[in-house]
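Engineer: Sequence isn't available, so here's the structure alone:
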């Protein structure tokens, strides 16, 4: 399993009426984290040929952060893809190291040339599972 980590800091426009990061922002951070992992690990020819589309999100909120606070976010892929679907997991931790958000997303691979969903090639998934 190859994990990837980034930090995010809550900005004023991320904050909701309750004074903490809005749920939609967590989803944006998940997408940014997954994209950064893809760009860091995938071969250039794969990045040029394929794109990922979200099929499903599942998010458990166990805490939150406020403006100016940061979270360390980690993503990984635990298992080989099932056909066109690739499941990615996420954990966001607060400054004390407590997991405050856990999530998983199912992504589908799209071939840019045909604009069709396709099976994830083994040479693509191998880079994320090693």
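Structural biologist: Perfect, I can see it now. Everything numeric in this text was worked out from a predicted model, so none of it was measured.
Engineer: Tell me which other helices or strands the helix or strand hosting residue 33 touches.
Structural biologist: Element membership for residue 33, per DSSP states H and E: helix 23-41. Applying 3 or more CB pairs under 8 Å, 6 or more residues apart in numbering; DSSP states H and E, we find helix 23-41 packed against strand 4-9, strand 50-61, strand 70-76, strand 85-93, strand 99-111, helix 122-129. (Glycine included, C-beta is placed from N, CA and C.)
Engineer: ok, now with 7 Å
Structural biologist: strand 4-9, strand 50-61, strand 70-76, strand 85-93, strand 99-111 (3 or more CB pairs under 7 Å, 6 or more residues apart in numbering; DSSP states H and E).
Engineer: Show me how far stretch 107-120 is from its chain's centre.
Structural biologist: Relative to its chain's centre, stretch 107-120 lies at 18 Å (CA atoms, centre = their mean, to the nearest Å).
Engineer: Nearest the middle, which residue of the chain would you pick?
Structural biologist: When the chain is reduced to its mean C-alpha position, the closest residue under CA atoms, centre = their mean turns out to be residue 34, at 3.3 Å.
Engineer: Test my guess that that residue contacts residue 73.
Structural biologist: No: with contact defined as CB atoms under 7 Å, residue 34 does not count as touching residue 73 (10.1 Å).
Engineer: hang on, the earlier thing: how about CSV for the helices and strands packed on helix 23-41, with distance to residue 18 and mean pLDDT added?
Structural biologist: Conversion of the helices and strands packed on helix 23-41 to CSV gives the following (distance: least, CB to CB, whole Å; pLDDT from 0 to 100):
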stretch, distance to residue 18, mean pLDDT
strand 4-9, 18, 98
strand 50-61, 12, 96
strand 70-76, 17, 98
strand 85-93, 17, 95
strand 99-111, 14, 96
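Engineer: Thanks again, I'm all set now.
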